[in-house]
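S.K.: sharing a model that was predicted from the sequence below.
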Amino acid sequence: MSAGYGTLTAIGLGPGDPELLTLKGLRLLRAARWLFAPVRAPEAPSYALEIAWPHLDLARQQVVALVYPMPRDGEPDEAQWRANARLIAAHLADGSDGAFLVEGDPLLYSSFTPTLFTLQDEFPSLPIRIVPGVSSIVAAAAQAHLPLARLDERIAIVPATSSRRALREALERYDTVVILKVARHFEALLDLLESLGRADNAILAERVGTPRERLERDLRALRGQALDYFSLVIVSGGWANG
């Protein structure tokens, strides 16, 4: 029996384009015995696994689904986080290595963050390595040829689930504001942008780097439309449509 745990590597896979995976991430992804894939519900598909799929060898690698419910109201399910961490530790207890698959970057609004804290708390001897990834934020800006910040300009990143007051404060204080998780909150967000005179300097991006990618520079044209869960809005300092 192994004297210790194998290493868990959290790998940022990027927003959807398999070629945006780093060389280090690709090497460690292929080396892992266990592939831990977050899902929102049992039997639900894993977007992270979809991104990683072209690089996998399932003849020698095994996928383990980890359920991370998306809280809409109330507190996150910390008991489920701990159950996931314990499942990871159980698979790595024989010394084999694992990869935690993360769309985007592991430390930016990802399911890996609560897992990291729980593993550090309950399994301090389990080695953890983190490989950063290309976030949807920078990928969307690249596709739109949109600078996120220039010279001394400031940038804020906020989820659309924040209060209206918090969103207004960010939009009033920062040159560029990236707003994540906008799908269910788009109409209210657009109303706020229009009230502040910033709607004309914003873009919406969905599923960046995939065949379903969409960039929209006229946010008003999106009223009444259903937006993809993986969508964001970048409000620039004044050059989005220049």
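M.R.: Received the coordinates, thanks. Numbering: from 1, shown residues only.

S.K.: can you pull the contacts of the residue minimising distance to the centre of the chain?
M.R.: The centroid of the chain falls nearest to Gly104 when counting by C-alpha atoms, centre = their mean (4.5 Å). Gly104 sits next to 12-15, 110, 133-136 when contact means C-beta atoms under 8 Å, 6 or more residues apart in numbering. Where C-beta positions appear, they are placed from N, C-alpha and C, glycine not excepted.

S.K.: hmm, Tyr229 and Ala183 touching each other?
M.R.: Yes: shown here, Ala183 and Tyr229 form a contact pair, counting by C-beta atoms under 8 Å, at 5.4 Å.

S.K.: please identify which of those two sits among more neighbours.
M.R.: Ala183 (16 against 13; other C-beta atoms under 10 Å).

S.K.: could you give the number of residues near the nearest residue to that one once chain neighbours are set aside?
M.R.: Leaving aside its chain neighbours, Ala183 sits nearest to Leu227 (4.1 Å; criterion: C-beta to C-beta, 6 or more residues apart in numbering). Neighbour count for Leu227, taken as other C-beta under 10 Å: 19.

S.K.: separation between Leu227 and Val63?
M.R.: 29 Å (C-beta to C-beta, to the nearest Å).

S.K.: same check, this time on Val208
M.R.: 24 Å.

S.K.: okay, these two: which has more neighbours?
M.R.: For Val208 and Val63, the more surrounded residue by other C-beta under 10 Å is Val208, and the numbers stand at 29 against 15.

S.K.: right, and the more buried one touches Ala140 too?
M.R.: Yes: Val208 is within contact range of Ala140, at 4.8 Å (criterion: C-beta under 8 Å).

S.K.: common neighbours of these two, please.
M.R.: Residues touching both Val208 and Ala140 (C-beta under 8 Å, 6+ apart): Pro15.

S.K.: closest one of the contacts of Gly104 to Ile157?
M.R.: Nearest to Ile157 among those: Ser135, at 9.2 Å, using C-beta to C-beta.

S.K.: number of nearby residues for the closest one?
M.R.: Residues near Ser135, counting by other C-beta under 10 Å: 25.

S.K.: got the contact list for it?
M.R.: Here Ser135 is in contact with 12, 15, 104-105, 108 (C-beta under 8 Å, 6+ apart).

S.K.: any chance of those residues in TSV, plus pLDDT?
M.R.: Shown next, in TSV, are the contacts of Ser135 (pLDDT from 0 to 100):
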residue	pLDDT
Gly12	98
Pro15	94
Gly104	96
Asp105	97
Leu108	95
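
S.K.: could I get the residues you listed in JSON lines, plus columns for distance to Ser125 and secondary structure?
M.R.: Shown next, in JSON lines, are the contacts of Ser135 (distance: C-beta to C-beta, whole Å; DSSP: H, G, I helix; E, B strand; the rest coil):
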{"residue": "Gly12", "distance to Ser125": "24", "secondary structure": "strand"}
{"residue": "Pro15", "distance to Ser125": "33", "secondary structure": "coil"}
{"residue": "Gly104", "distance to Ser125": "28", "secondary structure": "strand"}
{"residue": "Asp105", "distance to Ser125": "26", "secondary structure": "coil"}
{"residue": "Leu108", "distance to Ser125": "27", "secondary structure": "coil"}
